[in-house]
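Colleague: Model the structure of this input:
(2 chains)
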There are 2 protein chains.
Amino acid sequence: MSEKLAYRKIENAGITLVQGIQAAAVHCGLKKRKLDLALVYSSRDCAAAGVFTRNRVQAAPVRLCRKAIAGPIRALVVNSGNANACTGEAGMQNARRMAALAAASLGLSPAQVLVCSTGVIGQQLPMELVERGIARAAEALSGERKAGRAAARAILTTDTVAKEVAYRGTYGGATFHLAGMAKGSGMICPDMATMLAFLFTDLAIPRPLLQRLFREAVDRSFNLITVDGDTSTNDTALILANGAAGAPEITPGSEACRAFAELLEEACRDLAYQIVADGEGVTKVITLTLQGAPDPLSARILARAVLNSPLVKTAFYGEDANWGRILAALGYAGVDFDPSRVDIYLGPVQVAAGGEAVPFSESEARAVLQQKEVPVLVRLNAGSCSLTAWGSDLSHNYVTINSSYRS
Amino acid sequence: MSEKLAYRKIENAGITLVQGIQAAAVHCGLKKRKLDLALVYSSRDCAAAGVFTRNRVQAAPVRLCRKAIAGPIRALVVNSGNANACTGEAGMQNARRMAALAAASLGLSPAQVLVCSTGVIGQQLPMELVERGIARAAEALSGERKAGRAAARAILTTDTVAKEVAYRGTYGGATFHLAGMAKGSGMICPDMATMLAFLFTDLAIPRPLLQRLFREAVDRSFNLITVDGDTSTNDTALILANGAAGAPEITPGSEACRAFAELLEEACRDLAYQIVADGEGVTKVITLTLQGAPDPLSARILARAVLNSPLVKTAFYGEDANWGRILAALGYAGVDFDPSRVDIYLGPVQVAAGGEAVPFSESEARAVLQQKEVPVLVRLNAGSCSLTAWGSDLSHNYVTINSSYRS
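Modeller: Take a look at the predicted model:
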């Protein structure tokens, strides 16, 4: 019996892989046809940690969750189709009512239920639909694979595919799991958890440690992706740890803690990458590695400037090796660096050296740009910090999707 | 004979309206067919003032101009089709050589010539083409209307129309003029002079005063427009004052100084608006008025966040009254304000009050959104600063233009 924490990824599995976790999804009528309400239930109290939007405009459920995660949690209710944002006191009452309805259906107290909403801003939730939906979902709770899969579908808005990730591992002689689901397609930007992501584990982890590890994992995953630079009123990433695996509690500074932190980061990166790849109108993912930045914050700001630049994004869409736009975006980021020391590579093809053009094969560059994932390396030669961030191109389809989302 | 400075706008006129100013434009081969080199000559020494890009990556001609405007100026040479940016020491030598070639053709010293370039980044100028072009332009200099018009066309890149403005006025018994031309269509963002703009006047204004008045006018015009949030390596706004009108010199603090400042701001706004209206793929101009901001800098940051948001811009393109996206963009701008006090209007139609939805007529809102210019009013109710800024929508055509610009 080994003490060491080891794990492997499980394909085609989701949150119900986690012991003690049940899920359900229903169509309650917030969307025309698709699943629009998910309920997740844990048979045991969970330690909860969360990372929330830094937008000054915070949706009612975000304000509710921020407080609620301090206590033990047993359930999570999520609706799509309506963000319950910019809805004032009535919106706050509706968020609280969602918690109370779920609690009543499940025999819990409202304080044990977390609430999330995503969708259109500025409209009140039709609570009679939500009420019936929660009641039906509570009756449908199940630990089966298909229940987790349905929940992952019910939280989507303009996403085209469900985003799930699952791992199985061993620790202290017990088998444990970590699994998650996420949604996010537009309004995606690094600097906060700009989407919904829900992770569950049957390991036991004390809340303060869980919060610290989750914050770090989010910073290295969800906070390094961008689709359009917008950040929403509802962004929330949550993790619930219920200890149902029966493994020893993870303690700060332990070998197991380091291994779990690695697993958590890997799981978050997996979901983050799925979000970018399914970004609105995305035809390719740009994996930008910045090397030699003066400090970590500068690296983040520079990566964000490049990956949010409409000119960079449209050049990638057009499969055009227009590296000047990358250098120009770095230049206006507001970070001090010497442009005449910058090297730029598209995949293995060097396109700029010392801030100037170098001869390169347009056909080799185009071959890189035609890939579904385009690796870009920028060497700033201004320090020792490195960072990899993920972005997307900007396509005609992005415009189509977003010029008609509300209507 | 009145001392008072008075003026009126002259339609269908350009820089050659200004006394002592001659212009020429040629096709030298940097573009396939269109005019790509402009030369402007003043018969008298000009006081020069300039506002330049704050991008860390500064094109060679920008670095040259920054220094050169300190002395008396007699000519300006501008090429389009090649930005001479990210071109290293060879690029700097080429910029100096453009000044020397123009000076030699005009019997001036190189220090009396300003140089600007705009176009693709990262390619060396084909100097033999530029050399022949400058020689031909020097021979073609003319004070005729059509020469100024040709110069205004020669500085364009992806612009679809030339941008000109002209005024005639009287001061101290003399007739004077102020006229300008500009280019800019992509890489347009408030925060610096993100385009090329060249203004000329035959008034006499001491250089320090001219610089101060021009800086203020640029801040209230070119620095309040945005097309895509990108800022370029080459952005330059220049004004040359040659005193050829024979009017009294404008002195600081005078009534005439205030009137000229107003004229200069009006001229810059006119050109700035033309730039936005001709922005890449633009189908409508968004005129955003922010009222009740806590301070001027916050107002600028908030306006920029709204007008740069891809979600806001695509909603306007889709003529969708999706005000939640405006509030969300305000929210992530990083400025402290209370979202629950924000009112939003589309034209006369109030769509949000106190940060929440108010019932409004979708058809009335749509009528506003279908206009070529859409006025948006945001009342923050957080202070006493107001600001009007101009932006554009984000269309399919923006993507088309920018996914194939370099190739």
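Colleague: got a pLDDT number for the residue in the stretch 51-200 of chain A positioned nearest to chain B?
Modeller: Closest residue of the stretch 51-200 of chain A to chain B, Cβ to the nearest Cβ: A:Ile121 (2.6 Å). Heads up, the C-betas are built off the backbone N, CA and C, glycines and all. Per-residue pLDDT puts A:Ile121 at 83.
Colleague: close enough to count as contact, it and A:Ala85?
Modeller: Yes. In this structure, A:Ile121 is within contact of A:Ala85 by Cβ atoms under 8 Å, at 4.5 Å.
Colleague: These two: which is more packed in?
Modeller: Comparing A:Ile121 with A:Ala85 by neighbour count (other Cβ atoms under 10 Å in any protein chain shown), the higher total belongs to A:Ala85, at 31 against 25.
Colleague: Just the pLDDT for that one.
Modeller: pLDDT for A:Ala85: 89.
Colleague: for chain A, which spans come out with low pLDDT?
Modeller: A:1-2, A:186-194, A:227-231, A:405-407 (pLDDT under 70).
Colleague: which residues of it fall in helices?
Modeller: Using DSSP state H, the helices of chain A run over A:60-68, A:88-106, A:127-140, A:145-154, A:207-219, A:255-277, A:296-308, A:310-317, A:323-331, A:362-369, A:396-402.
Colleague: want to throw those into TSV with distance to B:Pro296 and mean neighbour count?
Modeller: Output for the helices of chain A, formatted as TSV (distance: least, Cβ to Cβ, whole Å; neighbours: other Cβ atoms under 10 Å in any protein chain shown):
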stretch	distance to B:Pro296	mean neighbour count
helix A:60-68	31	20
helix A:88-106	30	19
helix A:127-140	43	19
helix A:145-154	46	23
helix A:207-219	33	20
helix A:255-277	36	20
helix A:296-308	24	22
helix A:310-317	26	27
helix A:323-331	25	28
helix A:362-369	42	16
helix A:396-402	31	22
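Colleague: Quick one: closest of these to B:Gln19.
Modeller: When the helices of chain A are compared by Cβ to Cβ, helix A:323-331 sits nearest B:Gln19, at 38.1 Å.
Colleague: Can you give the strand pairings for the lengthiest strand in chain A, parallel or anti for each?
Modeller: The residue-count maximum for a strand in chain A (DSSP state E) belongs to strand A:37-52. If you go by DSSP bridges, strand A:37-52 pairs up with strand A:21-26 (antiparallel), strand A:73-82 (antiparallel), strand A:236-241 (antiparallel).
Colleague: Distance of the closest residue to A:Ala147 other than its chain neighbours relative to A:Ser80?
Modeller: Excluding the flanking residues, the one nearest A:Ala147 by Cβ to Cβ, 6 or more residues apart in numbering or on different chains is A:Ala23, at 4.5 Å. In this view, A:Ala23 and A:Ser80 are 15 Å apart by Cβ to Cβ, to the nearest Å.
Colleague: circling back to that earlier point, so which of the strands paired with strand A:37-52 is the most surrounded?
Modeller: strand A:236-241 (a mean of 29; mean count of other Cβ atoms under 10 Å in any protein chain shown).
Colleague: which outside residues touch that one?
Modeller: Applying Cβ atoms under 8 Å, 6 or more residues apart in numbering or on different chains, the contact partners of strand A:236-241 are A:42, A:46-53, A:61-62, A:65, A:69, A:73, A:76, A:114, A:116, A:180, A:193, A:195-205, A:210, A:214, A:218, A:222, A:264, A:268.
Colleague: and the angle from it to helix A:255-277?
Modeller: Orientation of strand A:236-241 against helix A:255-277 (axes from the mean of the first three to the mean of the last three Cα atoms, to 10 degrees) gives an angle of 150 degrees.
Colleague: Report the angle between strand A:236-241 and helix A:60-68.
Modeller: Using the same axes, to 10 degrees: strand A:236-241 against helix A:60-68 is 40 degrees.
Colleague: domain parsing for chain A?
Modeller: Domains of chain A are assigned by automatic domain parsing as A:6-277, A:285-402.
Colleague: could I get these as a markdown table with distance to B:Leu156?
Modeller: Shown next, in a markdown table, are those (distance: least, Cβ to Cβ, whole Å):
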| stretch | distance to B:Leu156 |
| --- | --- |
| domain A:6-277 | 28 |
| domain A:285-402 | 18 |
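Colleague: now for those, which one comes closest to B:Ser298?
Modeller: Of all the domains of chain A, domain A:6-277 comes closest under Cβ to Cβ, at 11.7 Å.
Colleague: Pull up the distance across the closest one, start to finish.
Modeller: From its first residue to its last, domain A:6-277 covers 28 Å (Cα to Cα, to the nearest Å).
Colleague: gap between that domain and the chain center?
Modeller: In terms of Cα atoms, centre = their mean, to the nearest Å, the centre of domain A:6-277 is found 10 Å from the chain centre.
Colleague: One more: stretch A:317-328?
Modeller: Here stretch A:317-328 is found 27 Å from its chain centre; the criterion is Cα atoms, centre = their mean.
Colleague: what about that stretch and chain B, touching?
Modeller: Yes. Against chain B, stretch A:317-328 shows contacts by Cβ under 8 Å from any Cβ of the partner chain at A:317-318, A:320-325, A:327-328.
Colleague: For the residues you listed, work out which two are farthest apart.
Modeller: A:Tyr317 and A:Leu327 (18.7 Å).
Colleague: so how far is A:Ile250 from the nearest residue to A:Ala247 once chain neighbours are set aside?
Modeller: Leaving aside its sequence neighbours, A:Ala247 sits nearest to A:Ala174 (Cβ to Cβ, 6+ apart; 3.8 Å). Distance of A:Ala174 to A:Ile250, computed by Cβ to Cβ: 12 Å.
Colleague: same thing with A:Ala382?
Modeller: 38 Å.
Colleague: Who has more neighbours out of the two?
Modeller: More crowded of A:Ala382 and A:Ile250, by other Cβ under 10 Å: A:Ile250, with 26 against 20.
Colleague: and that one, what does it touch?
Modeller: A:203-206, A:209, A:256-257, A:260.
Colleague: export these to JSON lines and tack on distance to chain B?
Modeller: JSON lines is the format used below for the contacts of A:Ile250 (distance: Cβ to the nearest Cβ, whole Å):
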{"residue": "A:Leu203", "distance to chain B": "34"}
{"residue": "A:Ala204", "distance to chain B": "36"}
{"residue": "A:Ile205", "distance to chain B": "31"}
{"residue": "A:Pro206", "distance to chain B": "32"}
{"residue": "A:Leu209", "distance to chain B": "30"}
{"residue": "A:Ala256", "distance to chain B": "37"}
{"residue": "A:Cys257", "distance to chain B": "33"}
{"residue": "A:Phe260", "distance to chain B": "32"}
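Colleague: Among those, which one sits closest to B:Gln291?
Modeller: Distances from B:Gln291 to these, taken as Cβ to Cβ, are shortest for A:Leu209 (47.3 Å).
Colleague: So the closest one is in contact with A:Pro252, correct?
Modeller: Yes. A:Leu209 is within contact range of A:Pro252, at 5.2 Å (criterion: Cβ under 8 Å).
Colleague: Mind checking which of the contacts of strand A:236-241 are buried?
Modeller: Neighbour-count burial (16 or more other Cβ atoms under 10 Å in any protein chain shown) applied to the contacts of strand A:236-241 gives A:42, A:46-53, A:61-62, A:65, A:69, A:73, A:76, A:114, A:116, A:180, A:193, A:195-205, A:210, A:214, A:218, A:222, A:264, A:268.
Colleague: Look up how far chain B lies from the residue nearest to A:Ala147.
Modeller: Separation of A:Ala23 from chain B (Cβ to the nearest Cβ, to the nearest Å): 29 Å.
Colleague: Test my guess that that residue contacts A:Leu37.
Modeller: No. Checked against Cβ under 8 Å, the pair A:Ala23 and A:Leu37 is beyond contact range at 11.4 Å.
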